[in-house]
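**Student:** The sequence and its predicted three-dimensional model are supplied below.
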Amino acid sequence: MFLAAADQTILASALPTIGSGLGGLEYVSWVVVAYLLAATIAAPLYGHLGDRFGRKRMLLIALSVFTVASAACAAAPTLLTLVVARAVQGLGGGGLMTLAQALIGEHVPPRERGRFQGYFAAVFALASMSGPILGAYLTEHIGWRSVFAINLPLGVLAALLARRIPYLAPAPRGSYQPDVVGTLLFCLATLGLLVTLSSMGHGLPFDSWRLYALIAIVTACYVVLYVWERRSDHPVIPVRLLQRPEIARPNAVVICFAAALFASVLYLPLYLQIGHGLGIGASGTLLLPITLSMVTAATFTGRLVSRTGKVTIFPMIGLTLATSALIALGVTITFASIALVLFLTGITGVGLGMVMPPMQVAVQQAAGRESLGAAIGSMSLCRSIGGAIGVAMIGAIIFLSIGRADGALEAVLQRVMGQGPEYLHQLSAVDRTAISEHLDRTFQIVFFTIGAITGTGALLATTVPKPKF
């Protein structure tokens, strides 16, 4: 799980360098989106396959796919090749997330799961914290390709440890037929959604008929997918489970959580590097408050869930706290000191850290052992699709803002986005100040938007039914 989680954020500080090295910084967010999209598709598939063929076996297969694809990413000669390799890597990473969670549900009694989910949430947050810092160090001192190459020895180590997991034979079931049609529909619908979000107002103007046609196609795909999955014997999307409020509502909260987390972690270094000219290492280090506070909050929240048996109150409090901090960050970002930014991002991390452990416990308890893999797969799916939506949507806001800059400033911004933060040092002090002021205004909108997402999650958290232990 550490491998899969770290790989989602290890590129945060390296993205501008990758974009300038391979060309097309405005499209470099797809390096992240491709991974999240593939992980979204893979998560429910591994859940079903683990239920039927054994979770340990499928975990080792997912780990192999992830490690081999990491080598392909390290050797990618073009941005398109890297995006494709990242998609394959996501097919493995989605399985690592789902199966690691399901194995805890399989081996640990219900009342103790809160404590163990706290450990897992801490690992997730620790990986998210160390990812940007490790990525910044490797990119600055070795090169961005080492960010992927490091997964090779780590993947071998993880495989050796995973082989020690006790094997439990899956419950007897009938023959399993993959839901090929449902998988294709889900891929098409989700890819269309992400393309729509990332292109809205930027690649596709708001008055473009192509935009409305794309929205109509995406909507139709999701409607057809819903109808198909309700009738499928082995659906890739567990529609019947998601119709249950005790599973659907925690998953909705997780979508908001993931959208806020990934958007914050992945775009804050871009703002610090291009908006304020900070180095790769410094921009990665400044992510420490949000990720370190997430580790601490996740660990304590998991223990509190086990001790008190209360679940629903923690994400409600946490997301409300995160919303307050994000709104304050948006209000003050044009004049805030670095210390204030670090404090507010730390508060945001505390709030986000209170979400995952109780929501995982709620879903596991509601699903029962027979549907455990499918339910955990649905949560991994929602986390991945929430992250992909957050990255695509905030990326669209940033590049739409750049496209609307005044004449000469737009041209300078486009060159900076195309050539990377190194180009800043070639600009005059006046141009650098103009860029900083424009990005301050842009990220004010960004933080207000992320705050609206966490606020929505807080409202949804109030509707989550209390699980019965």
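**Tutor:** Everything's here; your move. Residues are numbered from 1 along each chain as shown.

**Student:** Name the surrounding residues that touch stretch 62-69.
**Tutor:** Outside of stretch 62-69, the residues within contact range by C-beta atoms under 8 Å, 6 or more residues apart in numbering are 3-4, 7, 42, 46, 85-86, 88-89, 91-96, 99, 151-152, 155-156, 158-159, 162. Using the backbone N, CA and C atoms, a C-beta is placed for each residue, glycine as well.

**Student:** Which of those residues fall within helices?
**Tutor:** Counting by DSSP state H, these place 3-4, 7, 42, 46, 85-86, 88-89, 91-96, 99, 151-152, 155-156, 158-159, 162 in helices.

**Student:** just the buried members of the contacts of stretch 62-69?
**Tutor:** Among the contacts of stretch 62-69, those classed as buried by 16 or more other C-beta atoms under 10 Å are 3-4, 7, 42, 46, 85-86, 88-89, 91-96, 99, 151, 155, 158, 162.

**Student:** Just the local confidence number for T9, please.
**Tutor:** pLDDT for T9: 71.

**Student:** same check, this time on R52
**Tutor:** For R52, the predicted pLDDT is 75.

**Student:** Same check on T442?
**Tutor:** 84.

**Student:** Enumerate the positions of the one helix or strand it maps to that are buried.
**Tutor:** Counting by DSSP states H and E, the element that carries T442 is helix 429-461. Neighbour counts over helix 429-461 (16+ other C-beta under 10 Å) mark 431-432, 434-436, 438-440, 442-444, 446-447, 449-451, 453-458, 460-461 as buried.

**Student:** Disregarding residues adjacent in the polypeptide, which is nearest to L261?
**Tutor:** Excluding the flanking residues, the one nearest L261 by C-beta to C-beta, 6 or more residues apart in numbering is L352, at 5.6 Å.

**Student:** And that neighbour, how close does it get to L270?
**Tutor:** Distance, L352 to L270, by C-beta to C-beta, to the nearest Å: 20 Å.

**Student:** ok, these two, which is more surrounded?
**Tutor:** L352 (31 against 24; other C-beta atoms under 10 Å).

**Student:** That one and A263 touch, don't they?
**Tutor:** No. If you go by C-beta atoms under 8 Å, L352 and A263 don't touch, sitting 11.4 Å apart.

**Student:** Need the residue closest to the centroid of this structure.
**Tutor:** G387 (3.4 Å; C-alpha atoms, centre = their mean).

**Student:** Check the gap between it and R55 for me.
**Tutor:** G387 is 23 Å from R55, by C-beta to C-beta.

**Student:** now the end-to-end length of stretch 306-313.
**Tutor:** Length of stretch 306-313, first residue to last, C-alpha to C-alpha, to the nearest Å: 14 Å.

**Student:** Hmm, I typed the wrong one, I wanted stretch 143-152.
**Tutor:** Stretch 143-152: ends 16 Å apart by C-alpha to C-alpha.

**Student:** Can you give the distance from that stretch to the centre of its chain?
**Tutor:** Remark: stretch 143-152 is offset 20 Å from the chain centroid, using C-alpha atoms, centre = their mean, to the nearest Å.

**Student:** what do you get for stretch 50-69?
**Tutor:** 20 Å.

**Student:** Report the backbone C-alpha coordinates of it in CSV.
**Tutor:** Below are the C-alpha coordinates for stretch 50-69, written out as CSV (Å, rounded to 0.1, in the frame of the first residue of the first chain):
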residue,chain,number,x,y,z
GLY,A,50,-9.7,-11.4,-4.8
ASP,A,51,-13.1,-12.6,-3.5
ARG,A,52,-13.0,-15.5,-6.0
PHE,A,53,-9.3,-16.5,-6.4
GLY,A,54,-7.7,-15.5,-3.1
ARG,A,55,-6.5,-12.0,-2.1
LYS,A,56,-2.9,-12.9,-1.5
ARG,A,57,-2.5,-14.4,-5.0
MET,A,58,-4.1,-11.3,-6.6
LEU,A,59,-2.0,-9.0,-4.5
LEU,A,60,1.2,-10.5,-5.8
ILE,A,61,0.0,-10.3,-9.4
ALA,A,62,-0.9,-6.6,-8.9
LEU,A,63,2.5,-5.9,-7.4
SER,A,64,4.2,-7.5,-10.4
VAL,A,65,2.3,-5.4,-12.9
PHE,A,66,3.1,-2.2,-10.9
THR,A,67,6.8,-3.0,-10.7
VAL,A,68,7.3,-3.8,-14.4
ALA,A,69,5.3,-0.8,-15.4
